[in-house]
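J.: build me a structure from this.
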Amino acid sequence: MTVAFVGDMHRDWQCVEQGLAACAAPPATVILLGDLECTHPFDELVAPLLQRGVAVFWIFGNHDNDGGPEMWANLVDPARNPRTADGALHGRVVDIDGLRVAGLGGARSARASGNRRPGAKHDRSGTN
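T.: A predicted model of the protein is given here:
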């Protein structure tokens, strides 16, 4: 089985379709790696993949609520996305076509990753 990982598409669904069409073998599974920026419900946006029988999994990225609560709901609301709600990988480790995949959505803060800016003062607010 072929698994395609696609990241940081920023609303460019046509580019995703073109890239997947260029694959030697059509993928059985697509894992979307955030920064999708859904202007419509996610189920509608990935409908062409679902119609071809492609399994769709996803994690959110640091830009997936740039458009506010409506954009966020278009991605994560199960009522809007009954076909893809189970494909949300954030905080989960799942077996997908024989691969163990860990979903860690969003951006890690510098504080969480231990990569603080050189010379930065310690800030207990968690924003540095």
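J.: low-confidence ranges in the chain?
T.: 107-128 (pLDDT under 70).
J.: how about the strands in the chain?
T.: Applying DSSP state E to the chain gives strands spanning 3-6, 29-33, 55-59, 93-96, 99-102.
J.: export those strands to CSV and tack on distance to Pro69?
T.: Glycine gets a C-beta too; all of them are placed from N, C-alpha and C. Listed next are those as CSV, based on distance: least, C-beta to C-beta, whole Å:
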stretch, distance to Pro69
strand 3-6, 25
strand 29-33, 21
strand 55-59, 19
strand 93-96, 28
strand 99-102, 27
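J.: quick one, which of the ones you listed gets closest to Val76.
T.: Ranking the strands of the chain by proximity to Val76 (C-beta to C-beta) places strand 55-59 first, at 9.6 Å.
J.: the residue lying closest to Leu99 once chain neighbours are set aside and Val54, how far apart?
T.: Spatially, and ignoring its direct neighbours in sequence, Leu99 is nearest to Val3 (6.2 Å; C-beta to C-beta, 6 or more residues apart in numbering). Taking C-beta to C-beta, to the nearest Å as the criterion, Val3 is separated from Val54 by 10 Å.
J.: I'd like the strands of the chain as JSON lines, with mean neighbour count and distance to Cys23 appended.
T.: Formatted as JSON lines, the strands of the chain follow (neighbours: other C-beta atoms under 10 Å; distance: least, C-beta to C-beta, whole Å):
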{"stretch": "strand 3-6", "mean neighbour count": "16", "distance to Cys23": "7"}
{"stretch": "strand 29-33", "mean neighbour count": "22", "distance to Cys23": "10"}
{"stretch": "strand 55-59", "mean neighbour count": "21", "distance to Cys23": "15"}
{"stretch": "strand 93-96", "mean neighbour count": "12", "distance to Cys23": "17"}
{"stretch": "strand 99-102", "mean neighbour count": "12", "distance to Cys23": "17"}
